[in-house]
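Asker: Here is a sequence with its predicted model. Questions after.
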Amino acid sequence: MTQSVNSPITLREFQIRDGIYFPKSYEELTSTKHKQKWDKIGKTYYGSQKIEKAGETAPIKQDYTLLTGRPGGTWNLFPQNKSVDSILELGCGYGRIPLYLSKEKNLQCNKYYGLDISEPLLRRLLKCKQEYDFFPKAEFNIICDSAEILPLEDNSVDLVISNCVFMHIPDAQIRNLFVEIARIMKPDGIFVFNHSFHNKSCPSHKIHNFIRKLNIFARNPVYLKQYSAAEIKEMLTASGITAKSPQYIVEPTQEYAILPEKIKGIVVPFAKTINRSIKPSSPAMRETLAYGFSAYSSNLN
């Protein structure tokens, strides 16, 4: 039967294997270059495979930060001891952000939905959940799919989070995804998209873009799009997200870059030192030199 436009896809239409929900079209999804790329990256992403090799008495088992580090940016602003019914994380990876929010911020929820296209990362997320037991009281729903149609009901999610993900998604798809986020968010729901957009004004990105254009046969499919703050605000408004969460902020990250620190995997001498020394003297300079942007509900409490 054809799916009705007004009848959203739900997890009941997915198949669950080994604790992960897969769409019925998973075989078709695995044939795409985008998924193949992220499955490959996922096998060693952020050194997360270390959790599978650690012995029972290894320090990493007692201190999760030895695996994940402590995320910064907007996550530092997240309140302590917040409780929500449901969370959706887009591009959840191996669980770095929910681990931090659960352990360091004591965020609590009844239902957690984590979506990622990389099956290796999701299998590692389940391993991290087993080892560190973050969101201990929550119903856990892990979904392996692309972020195009969200398999959740209208007005069903209190908090939507994502970390360093949207710059990897093509422009048309990200706009469709934002419409889906607006659909599933509850009225007065909140969102945190930390470091989620690359800044089109950043000199480092402009240099990278020029170099990529020189080789039309080897375009990097991972970093696809950059935005201005005005364009991000336009997408949030056009999608309906700001109708659900009208109090929000789009702000440049506190990481600045004039030079790429690597080009085609080769370290650029002194680039890291130069970039770390940048201290913009005005908001306009911050918005020009920032590596990226975050967008988040300002009423996180």
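Answerer: Nice, I can see it.
Asker: so where's the stretch 101-250 of the chain shaky on pLDDT?
Answerer: Low-confidence segments of the stretch 101-250 of the chain (pLDDT under 70): 216-224.
Asker: tell me the contacts of residue 48?
Answerer: 67, 68, 93, 94, 96, 121, 124, 128 (CB atoms under 8 Å, 6 or more residues apart in numbering). Yep, even glycine has a C-beta here, placed from its N, CA and C like the rest.
Asker: Save those as CSV, and put in distance to residue 247 too.
Answerer: Below are the contacts of residue 48 laid out as CSV (distance: CB to CB, whole Å):
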residue, distance to residue 247
67, 34
68, 30
93, 28
94, 31
96, 27
121, 32
124, 35
128, 33
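Asker: now, which of those sits nearest residue 14?
Answerer: residue 121 (17.7 Å; CB to CB).
Asker: isn't the closest one right next to residue 96, touching?
Answerer: No - the pair residue 121 / residue 96 is not scored as a contact, 10.0 Å apart, by CB atoms under 8 Å.
Asker: could you show me where the helices are in the stretch 201-301 of the chain, in order?
Answerer: Per DSSP state H, counting those that start in this stretch, the stretch 201-301 of the chain carries helices over the ranges 203-214, 229-239, 241-244, 271-276, 283-289.
Asker: quick revisit: please identify, among the contacts of residue 48, the one with the most neighbours.
Answerer: Counting neighbours by other CB atoms under 10 Å, residue 94 leads the contacts of residue 48 with 28 neighbours.
Asker: which phi and psi does it have?
Answerer: phi -100, psi 10 (degrees, to the nearest 10).
Asker: Hmm, it is touching residue 131, no?
Answerer: No - in this structure residue 94 lies outside contact range of residue 131 using CB under 8 Å: 11.0 Å.
Asker: overlap in contacts of these two?
Answerer: residue 51.
Asker: ok so, going back, which one of the helices of the stretch 201-301 of the chain lies closest to residue 254?
Answerer: Closest among those, once you apply CB to CB, is helix 283-289, at 8.3 Å.
Asker: Return the distance of that closest one from the chain's centre.
Answerer: 24 Å (CA atoms, centre = their mean, to the nearest Å).
Asker: Convert that helix to PDB, retaining C-alpha atoms only.
Answerer: Provided in PDB are the C-alpha atoms of helix 283-289 (Å, rounded to 0.1, in the frame of the first residue of the first chain):
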ATOM      1  CA  PRO A 283      31.100  40.200  16.000                       C
ATOM      2  CA  ALA A 284      31.400  40.800  12.300                       C
ATOM      3  CA  MET A 285      35.000  39.400  12.400                       C
ATOM      4  CA  ARG A 286      33.800  36.400  14.400                       C
ATOM      5  CA  GLU A 287      31.100  35.700  11.800                       C
ATOM      6  CA  THR A 288      33.700  35.900   9.000                       C
ATOM      7  CA  LEU A 289      36.500  33.800  10.600                       C
END
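Asker: outside of it, which residues touch it?
Answerer: So helix 283-289 is contacted by 199, 201, 202, 203, 229, 252, 256, 257, 258, 278, 280 (CB under 8 Å, 6+ apart).
Asker: If we use 10 Å, what do you get?
Answerer: 199, 201-204, 228-230, 250-258, 275, 278-280, 282, 293 (CB atoms under 10 Å, 6 or more residues apart in numbering).
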